[in-house]
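Peer 1: model this:
(2 chains)
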Amino acid sequence: MHEGDFVRRIQSLGDRSDEKNLLELDYFLIAILLSLCAIGVLIIYSATGQDTFFVKRQLLFIAVGFGLMCIMAHLSPRVWDRWAPFLYVVGIVSLGMVLAFGVEANGARRWLNFGFTRLQPSELMKVVVPLMISSYISRNSIPPTFKTILVSIMLILLPVLLVINQPDLGTALLIFISGLIVLFLSGIGRSYLISGFILALAAIPSLWLFVMRDYQKQRVLTMFNPEQDKLGAGWNIIQSTTAIGSGGWYGKGWMNGTQSQLNFLPESHTDFIIAVLAEEFGLVGVMVLNCLYLILVGHCISISMKSESMFGRLLAASIGFTFFVFVLVNLAMVSGVLPVVGAPLPFISYGGTAIVTLFAGFGILMSLSNESKTNRSSN
Amino acid sequence: MINNTFVDFEASRKLFVKRVVISGIFVLILLSLIMVRYYDLQVTRHEDFVTQSDNNRVHVRPVSPTRGLIYDRNGKLLADNRSTYNLTIVRERSKDLDKLLADLGSLIDISENDVSEFKKRLNRRKPFANTALKFDLTEQDRSILAVNSFRLEGAEVSAHLTRHYPTEAMFAHAVGYVGRINEQEMSIIDPVKYSGTDSIGRIGIEKEYENYLLGQVGSEHVETNARGRVMRLMSKKDPQPGQNLTLHLDSNLQQVAYDALENYRSALVAIDVKSGGILAMVSTPSYNPNAFVSGIGKKHYASLINSADRPLFNRALRGQYPPGSTIKPMLGLIALNEEIVTAEHTISDSGYFYLDGVSRPWRDHNAKKGGHGADVNLARAIVESCDVYFYTMSTEMDIDLLSSNSKLFGFGGKTNIDIPGEQIGIMPDRHWKKNELGEAWFDGDTVNASIGQGFMLATPLQLAVMTARLASNGRIVTPRLVKAINGVGIEPNNENSNLTDIDTFHWDYIHKAMQDVIHSPQGTANKISAGLNYRMAGKTGTAQVVSIDADVEYDKTKIQERQWDHALFIAFAPADDPEIAVALIVENGGHGSVIAAPIVRLVIDEFMKTSTNENLVLR
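Peer 2: Numbering: from 1, shown residues only, chains lettered A, B, ... in the order given. Below is the predicted model:
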C-alpha cells in the first residue's frame, strides 16, 4: 500500500483540528483573495454612486464566504472526495427546485428564495461540477476510459441542461467548461479530444436553431456589430467599451468615471464592473488586477503540483483554470469580444452566491494546500 | 501489481503536468488577446472614446410647462405664449468660447450687453446646460446660423415658448409681465419647480397668480450626440400646463378708457358693484410689457425709469391723491347717519368760511365770487359742491368719528385686490397725526379733511371701492381681477355684510343728490348729461396740488402745468340698480367736470351698451 494513502486514511479517521493548529492556513492565498475583495468593494462603492447599501451587503457576503472558506480549509480532501456525489445530488435537486418554484427576475428563474436570503444554485454548480468530475475520474483509471469519459460528460450535461432551461446560457457554458477542464487535465486521449471538438462544431447549428432564444441570438449578433442595434442590445457594449476606452492608461480617478457615475453603464456593479475599474483606474488598473488573478492561478497550480493524490491534483488545477476562465470570459464580454452573458467578474462583481461559491472553491483548495504541507511535514 | 500501478501513476502524473502546461499556455494566450483588446480600447483608440464619453451621455432634461393663458371676460387673449428662437451655448462643448463668441458676432448682431448678460448667466448655470446668448432671433439670423452651424460647435438655436402680450401697453398695469429669473429670485424659488422655466411673474396678475400660471415641469431622458444634439428620447414625463385665468376685465371698457386717457397722466378703475370684479383698470402713461419678457435693454429701461411721466408707476394702485370733493357724498351720508346734520339743515355761503381763532379764511373753491348764497342744504352742497357747507359741518364732526366711518368705505386701508403693491393712502385722525407728525390735531385739519384735502390721500382703486360701496348701499365686496381659474369661477370674496345700519332714506337722499350732480342743471357735471339714456350718479372733485392762498383766485394760466389741480370724477350707473362704479383721476387735469367726467361717461356708456345687449340676449 502506498504510504501517502495510509497517512491520509489515518488523518481522515479523526477530526483534523485535534492534531492540527486551527490557525494554520494558506496566508498567501488569503492575502491575494482579500486584496481582490477590497478592490471589488472600492469599485462597487464608486459604481453604485457612493451608496453604502451594496458595499455593506458585499462586505457581509465576503465575511460569510471567508468564514466558510476557513471551515472548509480544515476538512480533509478525503471528506470532499467522499462528499462530492452527495453535493452534486444536492446541486441537481436545487436546480430542479429553481425550475419548479424559483424566483423570477428579468424573465429568468435563477434564484431560490429562503426568506432571509436568495440563493443561485447555478453559481454553486461552478464549483460542484469540477469537484464531482475530479472525484469521479480519480476513482477510476487514469487516463480515463471511454466509459468514464461518457459518464463524466453526462454528469456535466445534466446540470448544464437544467441551467440552460432557466434560461442562463452564460452560466451553463461556464459550468460546461469547468467540467471539460477536468476532463482535459485528466489526460483523455488525443482522439477523444479531436472527435469532441468536431462534435462541438457540429452541435453549434442545432444549438443556434433549437436551444438559443431570440434575445440570446441577438446578443451574439450584436457582438459582431454593436452599432447596428445601438439602442437595444448593442447599448451595453457601446457604453462599456466607451467607459473602458475613455479610461486610458491611468484612468479618470476613483469615483470620477463619467460613464458609470452618470448611470450610463448598465449592471455597473455586477457583470460590467470591470468597465468601471477600467474607466477609473485605466489600463494600469486592469493589468494590476490581472496580475493578482495570474498569481492566484499560479498558486492553484503550485498546490496542484504538490498534491499527492490524483483527486487533489485534478481538483486544484481545475479550480485554478476554471476560475481564470471566468475572469477571461468576463473581460472578453465587457470589452465586446464575447456576447453578453451572465458572467460576473470573480471576487470583484457584487453578488452574494458568487462570492460565497468562490470562497468555498478556494476553501477546498486550501484544504488541498494544507494536506500537501501536512504530508511533507509528516514525511 | 504494485509496481505496475506505480508506473501508471508516474505516467499519468507526467501526462497531467503536460496538460497543465498546455492549459496554462492556452489561457495565457487568451489573456494576451484580451489584453490586446484592452490596449486597443484604452491606448490606441483612447482619444475617440474620451470624445464619445464626453458627448455621448444621457441627460435628464426638464420639459417646460406651458404658462397659463390670461383672458379678459369676453375670452380675448391678454397674455399668450409665442414660439421664439434663442441662440444658446453649451460651455463644455465649445473648445474656445471667446473665438465662438467672436465668430457668432461676425455673423449676426450681438451686442456687448448680450455678451455681458450671457457671462452672468454662464456663472450660475448647471454643467452642460444651454445658456442663452441672444433671444428672439429673426428668421434671417436663424438661417445665417443654420448655414454656418458646422463651424459653431457648442452653439445651438433652440425654440422656446415666450410670453407675449398682444394688447401691449393697454393692460400692462393690471396683467403685469414676466421677466427672466434673476439672482435674487433664484434664491427664493424652488429650483425643481422652475427647472424648465427661465421666467417668473414680476408684477400684476403674472406675479400674484404665479403658482397657478406656472404649471408643473415635466422631464425627459435624452441621449445626446457629440454636438450636444438630442439623438434619442428615452422616456418622458409630460409637463402639466399652467392654469388659464379669466379676468373680470373687459377689453372694450379698457380700450375706451385707455384711448381717452392715453395722453394724460391718469388712472381709472371701473368695478362691478355686485361682485367686486374689476372691469377696467387703466394707468397712463403705460408701457409695453413685451419689452420685459426677454430682458429689457438698459437704455430702454433707463428711458422708462427716468421719464417724468413715470410710465412704470401704477397710478391706479399706488398713486395717492387727495380725493377732493369726491368724498362729499360719503361725508354727507356719515353726517346724516350720525345725526350731525339733517336733510333740512341749511347754511348760508358767502364764499368764505371762518374758524374761531383762525384769522385766515377757507375759500369755497367751487363758487363764483359771493359764494353759493343762502339756503344751501346737504343735497345742494353735493350737487353744487359747496365747500363752506362741509367746512361748517366739520366743526360739529369729530375727526376720529369721520375717520373711522370713512375707513368703512375703504380709505386708509388695503382693498385686498388680487395684485400686489397697492398703497393704502392716508385716512388721518388724532392718533395718526400724533404718530406721524408728532403734533396735536387742530380743528382746521378737520376743515381740510371735510373736502378731501389736507392730510387725506387715497388711491384711485380706493375711490372706486368707495363708489361701489356708496352705490350698493354699503355692501362690502373685495375688488378682484381674476374671475375664473381654468374655467372654474372664483366666488366673489363677499363678506356679505353691510357697512353700518344706515337708514335706507339716507342712502336714497345721497343717491338722489349724486344723480343731480349730473342730471340737474345746477349739477357740477351737468354737461355730460346730454344724450344720456340712463340715470347716472356721480361726483366731481378737484384736488389741489399746491396750496393757494384763500384770497388769490386760482388761475391755470399763471402756474406750471405740473401744479395744476388734479381732476377727479366718481360715478355709478344705472342709478336705480347700480352695476358699475368708476373712479377716475387725471393728474393736473384741472376741474373734475371738464376732463374727468366726460371720460367716465364714455366708459359707462360702453358698459351700458354691452349690459343692455346682454339683457336683450337674456330676454
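
Peer 1: next SSE after the helix or strand hosting B:M186?
Peer 2: Taking DSSP states H and E as the criterion, B:M186 maps to helix B:183-188. Downstream of helix B:183-188, the first helix or strand assigned by DSSP H and E is strand B:199-203.

Peer 1: where in the stretch 251-400 of chain B is pLDDT low?
Peer 2: B:367-369 (pLDDT under 70).

Peer 1: just chain B next, same as before
Peer 2: Looking at chain B by pLDDT under 70, you get B:1-9, B:54-60, B:92, B:123-129, B:223-231, B:367-369, B:492-500, B:546-559, B:612-619.

Peer 1: would you map out the domains in it?
Peer 2: Chain B breaks down by automatic domain parsing into domains covering B:59-247, B:319-478+B:492-618.

Peer 1: winner for burial among the ones you listed?
Peer 2: Ranked by mean neighbour count, those are led by domain B:319-478+B:492-618 with a mean of 20 (mean count of other C-beta atoms under 10 Å in any protein chain shown). (Each C-beta comes from the backbone N, C-alpha and C, glycine too.)

Peer 1: excluding chain neighbours, what is closest to B:K134?
Peer 2: B:L87 (4.4 Å; C-beta to C-beta, 6 or more residues apart in numbering or on different chains).

Peer 1: as TSV, the domains of chain B with distance to A:Y45 would be great.
Peer 2: Below are those laid out as TSV (distance: least, C-beta to C-beta, whole Å):
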stretch	distance to A:Y45
domain B:59-247	23
domain B:319-478+B:492-618	50
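
Peer 1: the longest strand in the chain is where?
Peer 2: I went with chain A, as the question did not name one. When chain A is parsed with DSSP state E, its longest strand is strand A:108-113.

Peer 1: you looked at the wrong chain, it should be chain B
Peer 2: strand B:77-89.

Peer 1: got the angle for the next helix or strand after it vs strand B:77-89?
Peer 2: Next helix or strand after strand B:77-89 toward the C-terminus (DSSP H and E): helix B:97-107. Taking axes from the mean of the first three to the mean of the last three C-alpha atoms, to 10 degrees, helix B:97-107 and strand B:77-89 form an angle of 120 degrees between their directions.

Peer 1: what's the spacing between B:N416 and chain A?
Peer 2: Distance of B:N416 to chain A, computed by C-beta to the nearest C-beta, to the nearest Å: 50 Å.

Peer 1: so which helix or strand takes in that residue?
Peer 2: Using DSSP H and E, no helix or strand contains B:N416.

Peer 1: residue 172: what's it in contact with?
Peer 2: Chain wasn't specified; assuming chain A. A:A172 makes contact with A:122, A:160-161, A:163-164, according to C-beta atoms under 8 Å, 6 or more residues apart in numbering or on different chains.

Peer 1: ah, no, chain B please
Peer 2: Shown in contact with B:A172 (C-beta under 8 Å, 6+ apart): B:165, B:204, B:286-289.

Peer 1: quick check, it in a strand?
Peer 2: No. Counting by DSSP: H, G, I helix; E, B strand; the rest coil, B:A172 is located in no strand; its state is helix.

Peer 1: which secondary element of chain A has the worst mean pLDDT?
Peer 2: Counting by mean pLDDT, DSSP states H and E, chain A has its least confident helix or strand at helix A:16-19, which shows a mean of 44.

Peer 1: circling back to that earlier point, so what does the following helix or strand past the longest strand of chain A touch, helix or strand wise?
Peer 2: Note on strand A:108-113: by DSSP H and E, the next helix or strand toward the C-terminus is strand A:118-119. Counting contacts by 3 or more C-beta pairs under 8 Å, 6 or more residues apart in numbering or on different chains; DSSP states H and E, strand A:118-119 packs against strand A:108-113, helix A:352-378.

Peer 1: if we go to 7 Å?
Peer 2: Contacts defined by 3 or more C-beta pairs under 7 Å, 6 or more residues apart in numbering or on different chains; DSSP states H and E place strand A:118-119 against strand A:108-113.

Peer 1: can you list contacts of the strand it packs on?
Peer 2: A:94, A:97-99, A:102-103, A:105, A:118-122, A:166-168 (C-beta atoms under 7 Å, 6 or more residues apart in numbering or on different chains).

Peer 1: mark which of those are buried, thanks.
Peer 2: A:94, A:98, A:102, A:119-122, A:166-168 (16 or more other C-beta atoms under 10 Å in any protein chain shown).

Peer 1: let's have these in TSV, adding pLDDT.
Peer 2: Below are the buried ones among the contacts of strand A:108-113 laid out as TSV (pLDDT from 0 to 100):
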residue	pLDDT
A:S94	90
A:V98	86
A:G102	76
A:L119	79
A:Q120	83
A:P121	86
A:S122	87
A:Q166	82
A:P167	79
A:D168	82
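
Peer 1: got a list of what the closest residue to chain A within the stretch 401-550 of chain B touches?
Peer 2: As assessed by C-beta to the nearest C-beta, chain A sits closest to B:N486 within the stretch 401-550 of chain B, at 37.2 Å. The contact partners of B:N486, taken as C-beta under 7 Å, 6+ apart, are B:243-244.

Peer 1: try 8 Å this time
Peer 2: So B:N486 contacts B:68, B:243-244 (C-beta under 8 Å, 6+ apart).

Peer 1: how about stretch A:209-224: buried residues?
Peer 2: So for stretch A:209-224, counting by 16+ other C-beta under 10 Å, buried means A:212, A:216, A:218-220, A:222-223.

Peer 1: from the contacts of A:A172, pick the one nearest B:S64.
Peer 2: A:S122 (49.1 Å; C-beta to C-beta).

Peer 1: I'd like the next helix or strand past the host helix or strand of that closest one.
Peer 2: Here A:S122 is covered by helix A:121-139, with elements defined by DSSP H and E. Going down the chain from helix A:121-139, the next helix or strand is helix A:146-164, by DSSP H and E.

Peer 1: do that following helix and chain B meet?
Peer 2: No. Counting by C-beta under 8 Å from any C-beta of the partner chain, chain B has no neighbours in helix A:146-164; the shortest distance is 12.9 Å.

Peer 1: would you mind pulling up the elements that that helix packs against?
Peer 2: Using 3+ C-beta pairs under 8 Å, 6+ apart, helix A:146-164 sits against helix A:77-101, helix A:121-139, helix A:169-185.

Peer 1: most packed of these?
Peer 2: Buried most deeply of the helices and strands packed on helix A:146-164, by mean count of other C-beta under 10 Å, is helix A:121-139, with a mean of 26.

Peer 1: now what about stretch B:254-262, what contacts it?
Peer 2: Counting by C-beta under 8 Å, 6+ apart, B:72, B:169-171, B:268, B:270, B:280-282, B:284-286, B:584, B:586, B:599, B:602-603, B:606 sit against stretch B:254-262.

Peer 1: circling back: can I get the longest strand of chain A in PDB, CA atoms only?
Peer 2: What follows is strand A:108-113, C-alpha atoms only, in PDB (Å, rounded to 0.1, in the frame of the first residue of the first chain):
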ATOM      1  CA  ALA A 108     -35.400  34.100 -16.000                       C
ATOM      2  CA  ARG A 109     -35.800  31.900 -13.000                       C
ATOM      3  CA  ARG A 110     -32.400  31.700 -11.300                       C
ATOM      4  CA  TRP A 111     -32.900  32.100  -7.600                       C
ATOM      5  CA  LEU A 112     -34.300  30.100  -4.700                       C
ATOM      6  CA  ASN A 113     -35.900  32.200  -2.100                       C
END
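
Peer 1: strands paired with that strand, and their directions?
Peer 2: Paired with strand A:108-113 in the same sheet, following DSSP bridges, are strand A:103-105 (antiparallel), strand A:118-119 (antiparallel).
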